[in-house]
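Participant: Any chance you can model this:
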Amino acid sequence: MARSTPVKKALRSLTWLVILMAILAGLNTAASILAGSSKDDTDKWYQGASWVPELALDLQGGTQLTLAAQDTEGDSVTSEQLQQAVNIIRQRIDATGVSESEINTQGANNIVVSIPGRPDKATIDRIEAAAKLTFRPVLYTEAATNTAVGDDGKATASATPYSPPASLAATPSAKPSNASDLNWITPKLQDLYTNYNCAAPDDVTAAPDDEPLVTCDQDGAAKYILGPVEVSGADISNATSGLATDSQGTSTGQWAVNLTFDGDGTKDFRTVTNRLVSLTEPQNQFAIVLDGSVITAPTTNSAITNGKAQITGSFTADSSKTLADQLKYGALPINFQVQSNENISATLGTAQLIGGLVAGLIGLILVIIYSVIQYRALAFVTVLSLGIAAVLTYLVIAIMSWRVDYRLSLAGVAGLIVAIGITADSFIVYFERIRDELRDGRALESAVESGWKRALRTILASDAVNFLAAVTLYVLAVADVKGFAFTLLLTTLIDIVVVTLFTHPMMQLIARTRFFGDGHRISGLDPAALGAVYRGRAQFRAPVVDGKRQRSAGEAQRRQTIAERKAQQASGDNGSTPDGKDD
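Facilitator: Residues are numbered from 1 along each chain as shown. Presented below is the predicted three-dimensional model:
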């Protein structure tokens, strides 16, 4: 009964491997069928699903956007601002996946963004949006009415921005005590509010953070007078998107953006909400303003003391994620406008991809040849293991291509080629441990179990080093190096899965076969060919007298414990070699 335990474990491991591969293949198949049959798959989980992995910019080409900095206040754009914008844009793009986009500065005012494939509008909005978020108390609000209407019945912006008469007072009659004080509403501000056109808001310039603001909500349905900024979006430490929940924890079905403030933001938000909760409507509302427009202006029902807030509004899954990414990675230091949008060809192309795949195939063939020479029939386990690793890698990459916008670049292909060596190294470590156990005189089944325990520690240590190197490269590097690091990280994890769920179970099963268990001379596990002479406590098999076997006999005696040496002496066997000479 005990002898069948390794077999049961092996079958259980192989079953889990089959289930894992079936899940991955089934998921990709179902998604591909749904994506192919759906006319409009926007916002669907299977959007863009395919069995063919997406290629990166260097192999497929894509779209190049040139963003021109907008000089709104007459100040020149600094190189520091451009570089900061490059970093923020890169983080926003990478938030959707490992697409290996290229973002660089051009001249003194432009940023060039190269993206694989054809980006959708949400991606372009994510790139160019300033995403300046502020929190202002509401002083006054009412339903919006259009004041400038063209011949077509639509609101139009004025040729020049509206400016209240100079005769109107612009200074509060009494110094406001806080941002909610109605003394902020001066005659000039009131006139601006009365003439503000929500359908054409571009004809009014936004106010500085320390002054009140006249604006509308994003739909143009409500008009507001807001107090000075009391909490800045810069105080947000994290932002995520998801379905909103009520006080009972039940989903409302409405998409929302969840904010977490840092220490200063938590303190400021607590102070403001403590004040607003005691005021009457609309002064108990706290407007969340994004790029000058009100997203939402919720009523303050209680003080928020834990630094966590939620933005709700007319969000979809994509728009809430876009806003969360913008807020999470910060507002751009300057405004940008898309100056050009053009298609670009692949920088390397199909020939280089084929060359990389051929290089990988050559490396694979060399690994197989080495395995056959070194391990003979045992090499078939190496070949099958590499095949399983290749299938798992392809399935994961195919799914990640449409699920997290992963793109395979030539550097990524290089990472896959390196993975062949990493995977083969695990097999070599394991097989050599088994052969060491056979040299010590163990039977194959026992050698497989003992060798696995010793080999697993070495394999995990080696993969841990590769994993840490990949993570370090991924965090610190950009563009192509990041793609290489990602594939290295992925294949390192797959190596552990393959060696534990396939390679070791296969060795457990073949150890019970006559061909391998009896140590056939071409099995790669022949004890005689390995020089094994030690057969248990003080038991030796007389070796064939040649140089190699003589050395093996001597090695076996050196491996004896003190107790075994005494047992050997007590039995009258002095361990001499067949020619009568002491070894």
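
Participant: now the strands: where do they sit in the protein?
Facilitator: Listed in chain order, the strands of the chain (DSSP state E) span 62-70, 102-106, 110-116, 133-143, 213-216, 222-226, 231-232, 236-245, 251-261, 286-290, 293-296, 308-312, 335-344.

Participant: wait, which of the ones you listed is closest to residue 366?
Facilitator: Go through the strands of the chain one by one with Cβ to Cβ and the one that ends up closest to residue 366 is strand 110-116, at 32.0 Å. Yep, even glycine has a C-beta here, placed from its N, CA and C like the rest.

Participant: now the closest one and strand 335-344, what's the angle there?
Facilitator: Relative orientation of strand 110-116 and strand 335-344, computed by axes from the mean of the first three to the mean of the last three Cα atoms, to 10 degrees: 40 degrees.

Participant: just checking, what packs against strand 110-116?
Facilitator: Under the contact definition 3 or more Cβ pairs under 8 Å, 6 or more residues apart in numbering; DSSP states H and E, strand 110-116 sits against helix 57-60, strand 62-70, helix 79-94, strand 102-106, strand 335-344.

Participant: coming back round to it: how about a markdown table for the strands of the chain, with mean pLDDT added?
Facilitator: As requested, these are exported to a markdown table (pLDDT from 0 to 100):
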| stretch | mean pLDDT |
| --- | --- |
| strand 62-70 | 81 |
| strand 102-106 | 82 |
| strand 110-116 | 84 |
| strand 133-143 | 88 |
| strand 213-216 | 89 |
| strand 222-226 | 91 |
| strand 231-232 | 86 |
| strand 236-245 | 86 |
| strand 251-261 | 86 |
| strand 286-290 | 85 |
| strand 293-296 | 82 |
| strand 308-312 | 81 |
| strand 335-344 | 77 |
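
Participant: Turn the ones you listed into CSV, columns for distance to residue 371.
Facilitator: What follows is the strands of the chain, written out as CSV (distance: least, Cβ to Cβ, whole Å):
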stretch, distance to residue 371
strand 62-70, 40
strand 102-106, 40
strand 110-116, 37
strand 133-143, 58
strand 213-216, 70
strand 222-226, 72
strand 231-232, 61
strand 236-245, 48
strand 251-261, 52
strand 286-290, 60
strand 293-296, 61
strand 308-312, 56
strand 335-344, 43
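
Participant: Let me know the pLDDT of residue 457.
Facilitator: pLDDT, residue 457: 93.

Participant: For it, give its distance to residue 87.
Facilitator: For residue 457, the distance to residue 87 under the criterion Cβ to Cβ, to the nearest Å works out to 41 Å.

Participant: Looking at those two, which is more packed in?
Facilitator: Set side by side, residue 457 and residue 87 show unequal neighbour counts under other Cβ atoms under 10 Å, the larger going to residue 87 at 14 against 11.

Participant: what's near enough to touch the more buried one?
Facilitator: For residue 87, no residue meets the contact criterion (Cβ atoms under 8 Å, 6 or more residues apart in numbering).

Participant: burial count for residue 304?
Facilitator: As a burial measure, residue 304 scores 20 neighbours (other Cβ under 10 Å).

Participant: Over to residue 175?
Facilitator: Neighbours around residue 175, by other Cβ under 10 Å: 8.

Participant: correct me, but it touches residue 184?
Facilitator: No - with contact defined as Cβ atoms under 8 Å, residue 175 does not count as touching residue 184 (10.1 Å).

Participant: still on that earlier bit, JSON lines for the strands of the chain, including distance to residue 26 and mean neighbour count?
Facilitator: Written out in JSON lines, the entries for those read as follows (distance: least, Cβ to Cβ, whole Å; neighbours: other Cβ atoms under 10 Å):
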{"stretch": "strand 62-70", "distance to residue 26": "31", "mean neighbour count": "20"}
{"stretch": "strand 102-106", "distance to residue 26": "35", "mean neighbour count": "16"}
{"stretch": "strand 110-116", "distance to residue 26": "27", "mean neighbour count": "22"}
{"stretch": "strand 133-143", "distance to residue 26": "42", "mean neighbour count": "21"}
{"stretch": "strand 213-216", "distance to residue 26": "49", "mean neighbour count": "23"}
{"stretch": "strand 222-226", "distance to residue 26": "49", "mean neighbour count": "24"}
{"stretch": "strand 231-232", "distance to residue 26": "47", "mean neighbour count": "21"}
{"stretch": "strand 236-245", "distance to residue 26": "26", "mean neighbour count": "16"}
{"stretch": "strand 251-261", "distance to residue 26": "27", "mean neighbour count": "18"}
{"stretch": "strand 286-290", "distance to residue 26": "41", "mean neighbour count": "24"}
{"stretch": "strand 293-296", "distance to residue 26": "40", "mean neighbour count": "20"}
{"stretch": "strand 308-312", "distance to residue 26": "36", "mean neighbour count": "18"}
{"stretch": "strand 335-344", "distance to residue 26": "35", "mean neighbour count": "13"}
